[in-house]
Structures are given as structure tokens and as C-alpha cells.
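**Q** Pasting the sequence and the predicted coordinates here, then a few questions.
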2 protein chains.
Amino acid sequence: MLGPEPPRHRVVIIGGGFAGLEAARALKGAEADVVLLDRNNYHCFQPLLYQVATAALSPGEIAWPIRYLLRGQRNLAVYQTEVQGIALATKLVYAGRHAFAFDHLVIATGATHSYFGHPEWAEHAPGLKRIEDATAIRRRVLCAFEEAELAPADEQARLLTFVVVGGGPTGVEMAGAIAEMAHLSLRRDFRRIDTAKARIILIEAGPKILAAFPDDLSNYTAQALVGLGVEVLLGKTVERCVREGVIVQGVLVPASVTIWAAGVKASPAAAWLGAQADRAGRIIVGEDLSLPGHPEVFVVGDVAAVAGGKGRPVPGIAPAAKQMGGYVGRVIADRVAGRPSPRPFRYRHQGDLATIGRNKAVVSLGERKLTGRIAWLFWSVAHVYFLIEARSRLAVAVDWTWSYVTNRRGARRIVGEETAASHTGLPAAKSKAEPLNL
Amino acid sequence: MLGPEPPRHRVVIIGGGFAGLEAARALKGAEADVVLLDRNNYHCFQPLLYQVATAALSPGEIAWPIRYLLRGQRNLAVYQTEVQGIALATKLVYAGRHAFAFDHLVIATGATHSYFGHPEWAEHAPGLKRIEDATAIRRRVLCAFEEAELAPADEQARLLTFVVVGGGPTGVEMAGAIAEMAHLSLRRDFRRIDTAKARIILIEAGPKILAAFPDDLSNYTAQALVGLGVEVLLGKTVERCVREGVIVQGVLVPASVTIWAAGVKASPAAAWLGAQADRAGRIIVGEDLSLPGHPEVFVVGDVAAVAGGKGRPVPGIAPAAKQMGGYVGRVIADRVAGRPSPRPFRYRHQGDLATIGRNKAVVSLGERKLTGRIAWLFWSVAHVYFLIEARSRLAVAVDWTWSYVTNRRGARRIVGEETAASHTGLPAAKSKAEPLNL
């Protein structure tokens, strides 16, 4: 007599970012039950978060329910739950009230921003990794203009000063977008302040912005930012972030809003596993992206430290995460099917792109370099193309076309707990009201 | 010699809802400096809030910056600030650190939901008046499905029960939209639960739903809701809202989400003024909508108690608020220009409409009554038409067309502080994890 049928092979994927989604997709049709766990119910298209933070797009245009994106995949279930730990010996992932058994595990838990050992700066200088970060920054930036419109003249300068820390693509995009907002989009809407007088200061500790790009593109970007009215400070380190602004070389730069785009650290998966990690907390993996000594556990995306070609590490960008996720999904599918494993993971760098503002971007594709309007069109088309859902592509294209034609921004609601006065370092309402001289 | 030029006439409008905006618009070109104060920076199109609460639209599609909507009006300034009080003797409005002087004042501060003296119910049964309410309800509804997908079978029934208290247009629209979401939009996305088994219970204390409508339309609506799978309870009073559900006739109806659409009360402007108010806190005004004894102070919109035709009060709906705001703006403009004042305010009731679901709505226009698809088309066209901004009209039309064709909902992110487990009455995570039987 035959015994009961053996249970199907079980794959657990932790994280529904670019890497986790690609791993799930590569397992479509595999003879396995796949479970994807994420603490959110949505996938966020992080490369466009800065547009939510600067009121150009709504959160709904760059985030979609994970279970909706993977709805066609019958061998897959999605659960919204937060992972607390992993037991490698018993092959269980602990999350909420449950323990999920796995035969293969894919860890794709991503990264968050790092304040270099100063988590207390987070309150004064939010980073930009999640939808909540983007709407919080949007609230602060918009509130600063609202407050300045009401404030006495001597307070307006500080209220209209915005500091962006870090000159990578996110910092460049934020600085450029805030400058365009102040100098173009908002001008007609205010009466007492001239929004064009806003100061936007981009501070980079290294010798150039966009460190990953060729020098000429970095220089072009710096000049383009200056042309938009951004003050670019190179080789300057922010020593401290405080309520009133940032300390640079011992001196306070007063600012109402500081945005942190300077460093990232991996999510705490290395601690769950007791695994070896690099300085940024990323798990050091083998050439097939598996955890050393555990061929059934894979680590992909921003939480993995992988050597790329020419001794350089694989960068923390969306295409790299997708390549890793897809590779691991195929490795597992092959193993389940009894096929020979593919070759080691090999990262193919497709290029770097960053947008600066209207008609201004930089693109580096191997030997080819683009700047200006052609680069900006390339960037726009590439991003609309990679947006996942057909409806969002259309909605974003409509929004961008509208913004381009009218110079306006569509997502300017201030929502949430913080009131206009609660975050920009203003003293609490004085007991005696002053008549406002209109 | 001539003395200094006298200051321009000053008008202060408190509130940027339908009434306040219309008052501001009617003052365009008047020889007056107009100031509009609102605690938010945006105008919210309240009639479509339920669509945000049920993930069909994004907040950005129904809310726009007030200063953007009024940008063309050079005699007007908009300030985001919260009013604390009004001094009628000195003609000052106190807000934040400032006092705004007025010659004419327009109070358009609206209404909020009322729990009939039980504010403690708000935590368990949120109402639907603000953008934050809508996103909070969206979070609870979506989290209930997410939790049920992970929960043991004996907890699923409660998690998939939704109670709507109050059978007015908002209650009908919410119940219908949740039913369609459960029975149509979400079905393919879940694996362990059948979302079509969700219970949606609409509880109305009176003898019929849509009390303002003719009986045949009320009956049609009740039947249409039952057809969508909604349980309609008439003549039943909710005695208490608790964490686990609602108490009706001494018995607990277990539910994961309760939505309060039963009562409204006016904002506290009557207390600021020491004015006479009706039971709902609305200020009783004269036939020109002015405060008795204060011809320079007007009260408009949901915060005003106005006798309509045939002894019935003017209803708390958007067209009524707009008529009042426009009327008062014209009265002030005429006074400033030295023109004779127009006749007393006269409310013109244009009709009542409510949508139930896909292809189902009711419209009552005087003697004319519409139901079914034609009413639904009328409702859709009317709402898209009244959406203020050209871009939002287009965006909403695209979203609705897409949803109609695909039966899907575009705005299904769960964001915010509450985690999936924190609001639906579940016990905190148990100390011992149970392996999940997939």
C-alpha cells in the first residue's frame, strides 16, 4: 500500500519589494506552495517615492496590493504579517501568531535609512524609504510654506529653508523637485511670501554628487541644480540634525525641513539568522545568493551583500534587486523540478539614471551618456514603463503631462497628525495674539 | 489736506468647504480684502469620501489645495490655521498666534458626526467626514480581510462582518460599496477565505432607509442592497458600540469594523459666539443668513439652521451649502459697493441622489424619479461634473471607467499607524506561535 502523498514543496518569501516579487513570479507554475509575507499589503515603487514627497504623485499611483499584483499565480498565497524571527534548525518563520514552515526560504526584507548611529536624528531629518516617509515629508514641506505665509518677516527665511543631506540620486531628485515646487508650481498661490525666495541646500560629504556616475555627468547635475536655485555644498559633513536645522562645521544652518538621503542600512535579517553581515548590516552570501552553510536559504535585494563584477558590490537599486529575485526563484524552481542548478548569479549593470527637474536628467548606459531633455525623456519613459500596473502607467502619464503643461502639482493635501506649527521648530502659540498686518 | 486712505473693507471667511469656497468666489472683484481661514490646506469633496473609504478613489482625487482653487482671485488670501475664538465686540477672529480683523465675517465651519452623547464610541465606530476618517476606515476594512486570510476558521466570521450604522445616503453608499468590494473586487485575490461570505449589515433606527426620499425609491434601494448581499435592519437602534461589535436589542452583533453614519452635529461656532443653536448645535440665523443682532456676521452651510420652504429645514447637502455661500458673498459684495441688498435667502431644492452600487442608484428630482442604470449614470455624470478641477475630473473618470470594466479597486494600500491586529478586537499575539495549516 502506498502511504499518504508527501506534502508539496514549501517556499516562503519574506518581503514584497522588487526582489521578493520577482522571486515569486519566477516560481509561477513550479510544483511548490509559495507563501509571500510582508508587513504591508502593498508593493511600493520606491524610485518614485520622491515624487510623492514633493506632491507630484499620489501614493496610490506608486503602490499596489501585493495580492493583486500576484493574483494570477494559483500556487501562491500572500499574508500581511510582520516577521519576528527565523528558526533555521526547524525551518520555521515566526510571524504574529503563526509559524510558517519552509523547505526553501527567500529573504528579501530590504533596507532602511541609517543615521550613522544617531537614531535620534530621525525625528528632525526624516528619510525616504516608505510611503509613510513620503507623505510625512510632503506634509512638512507644504506646512513650511503655509506657516511662512502667516509668519512675521524675520521668521520667514528659516521657514523657507530646506536642507537635503546626501547627494545620491534621491538627494538630487528631492532638491531639484523642491526647487521647482518653490520657484514654479507654488508662486501664484501665495500672497505674502515670494516662494521663489526659498533656499534649498544640498549637502554632500563626498567630493561630488551622484558618486556612482561619471564625473562629467556629476558636474552637469551640480550645475543644473545651481541653475534651479539649489545651493550645492560638497565635502561638507552634517555633524548633527536638530529641531532648528543642521550643524555643519560647528555652525547651525537654520532650516524648517531637513531630509535625510545620506545612508542606508539593511533590515535586521542578519540578526534573525545570526549570519555574517557587512558594515551596512547586509548578509554576506555565496555566489548563488544562498546563506553560507544553508543552501536552502537565499538572501536577495538590498539586504544581501553580493560581489558584482570588477570587485565592485552589486548596487542597491531596483534592477539589481529584480535580477537577484528572479535568479533565486529560478534556482528553486529548478531544484524542485530536479533540474540541474543554473550558473552562479551574475549581475548585469544596465546603467544609472537620475532626474534633476523639468527637462533635466542624467543617464549613464555603459559608454553612452545622455543629459538634458533627451535624458529626461528617457528617464520618464523608463519609469512609466516599469510601473507595474496598466492603470497606474496611464494615471502617472496623465499626471506628468498635466504637470508639464501647467507647472502645477496635483497631490498637495496636508494630512496627518502633525499640525502646521508642530514640527518646524516654532514656539508654541503665544498666549497673546498679535493682530496680523495684512 | 486729505488724510490717509481708509483701509479696504475686510471680509474674513472661516472654512474652505462648499459654503466657504462659494462665498469667496462670489466676492471676486469686490472692493474688499478677503481672508479665508481653514485648519486644512485643502478643500474636500465630501460626497465622494465613501469612495476613498472603500478604496475606489485616492484622497488626491477628491481634495485640492484651497489656495490653488482660488489662485486667480487677487483680492483674497488663504491661511492654514485653526480658529480658537471670535470677539464680536472688537471684530476679531483669533487663530494661532494671530488675530484677524473683519468688517464682515462668514462662518462656514461645517459639521462633524455625532454619537448622541457617547463620544467614546468614536474609537470603535469611526464616522466619515474628513479625509483622515476615510483613510482610517479604508485601513480597517482592508485589514479585516488581511487578518481573516490568516485567522483560524472560527475567527473568520467575525472578521468578515461589517456593520454600517445609519441608513442615509452615506450609510447606503458605504454598505453597497463594501458589499461590492467583498463580492466582486477582492474575490480572486485571496486564497484561504471566500470574501463573498462577508456579512454587511446596515442598521437604521427609523422605519425606512433614505428618509428624505419618496417611499418607492427607499424600497427600491433596500431591495437593491439585499440583492448585493447586504442585510438591512430597519427600526433597530444601536444601543452601544464596543470593540467586539455593536449591541442591538441587548445582543452583541460581533463585527470587525463598524462605520458610523447615523448623526451629525455642527462645529462649535455657536459656543464661540454665544449664539442660539438648535439641538444639532447649528446656529439659528435670520432670513438673510446673518446672526440675529449682528448684520455683519453670516453663518452658512452645515453650521447654519435655516428654515427652507414648506416649514422644512434646509438640508445638510453640498448644493445647499453652495447656495448659502454664494448668496452671502453677493450680499457682502452689494453692501461694499453701496448697492441695495438682495432679497432674503431662498433655498431651491434641486433633488436627492444616492448611489447603491454598479449600475444602481436612485435619483429624485421633484416629480421625476429615476432608478437603476439610468440613475447611476446620472449620478456619475453629476459627480464628475461637480468635481472642481479639470484634472481630477479626468482622473476620476479614468478610475471609474477602469473599475467598471475590471471590477477592481485602485486605492487599496493600508497605511498608517494601526497594524493589522490592533483594531479589530483580536487579542494580542499569543506567546506561543501556532504552525499555520496551509
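**A** Structure's in. What do you need?

**Q** partner strands of whichever strand or helix holds A:F162, parallel or antiparallel?
**A** Per DSSP states H and E, A:F162 falls inside strand A:161-165. Here strand A:161-165 has these sheet partners by DSSP bridges: strand A:199-204 (parallel), strand A:257-260 (parallel).

**Q** what comes into contact with it?
**A** A:125, A:141, A:144, A:171, A:174-175, A:178, A:198-203, A:238, A:241, A:245-246, A:253-262 (Cβ atoms under 8 Å, 6 or more residues apart in numbering or on different chains). (C-beta placed from N, C-alpha, C; glycine too.)

**Q** low pLDDT regions in the stretch 201-350 of chain A?
**A** A:309, A:311 (pLDDT under 70).

**Q** where do the helices sit along it?
**A** A:215-227, A:269-273, A:318-337 (DSSP state H, counting those that start in this stretch).

**Q** May I see these organised as CSV, with distance to A:I137 and mean neighbour count added?
**A** Converted to CSV, those look like this (distance: least, Cβ to Cβ, whole Å; neighbours: other Cβ atoms under 10 Å in any protein chain shown):
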stretch, distance to A:I137, mean neighbour count
helix A:215-227, 18, 18
helix A:269-273, 26, 19
helix A:318-337, 20, 22
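
**Q** Just send these back as a markdown table, with distance to A:R358 too.
**A** Below are the helices of the stretch 201-350 of chain A laid out as a markdown table (distance: least, Cβ to Cβ, whole Å):
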| stretch | distance to A:R358 |
| --- | --- |
| helix A:215-227 | 10 |
| helix A:269-273 | 40 |
| helix A:318-337 | 23 |
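
**Q** Tell me which of those helices sits nearest to chain B.
**A** Chain B lies closest to helix A:269-273 among those, at 14.3 Å (Cβ to the nearest Cβ).

**Q** now the strands for the stretch 51-200 of chain A?
**A** A:63-65, A:76-80, A:83-87, A:92-95, A:98-101, A:104-107, A:111-113, A:161-165, A:199-204 (DSSP state E, counting those that start in this stretch).

**Q** which of these sits most buried?
**A** strand A:104-107 (a mean of 29; mean count of other Cβ atoms under 10 Å in any protein chain shown).

**Q** Enumerate every residue touching A:A354.
**A** A:A354 neighbours (Cβ under 8 Å, 6+ apart): A:P169, A:V172, A:E173, A:L210, A:F213, A:T221, A:A361, A:V362, A:W379.

**Q** Relative to chain B, which of these is nearest.
**A** After measuring those against chain B - Cβ to the nearest Cβ - the closest member comes out as A:E173, at 19.9 Å.

**Q** Give me the number of neighbouring residues for the closest one.
**A** 25 (other Cβ atoms under 10 Å in any protein chain shown).

**Q** Give the closest residue to it in space, chain neighbours not counted.
**A** A:Y50 (4.5 Å; Cβ to Cβ, 6 or more residues apart in numbering or on different chains).

**Q** Likewise for A:A148?
**A** A:L159 (3.9 Å).

**Q** Please verify my assumption that the one you found contacts A:L150.
**A** No - with contacts counted by Cβ atoms under 8 Å, A:L159 stays clear of A:L150, the gap being 9.5 Å.

**Q** thinking again about what came up before, just the CA atoms of the strand holding A:F162, as CSV, please.
**A** Provided in CSV are the C-alpha atoms of strand A:161-165 (Å, rounded to 0.1, in the frame of the first residue of the first chain):
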residue,chain,number,x,y,z
THR,A,161,14.9,77.0,4.0
PHE,A,162,15.0,73.3,3.1
VAL,A,163,18.1,71.1,3.6
VAL,A,164,18.7,67.8,1.8
VAL,A,165,21.5,65.7,3.3
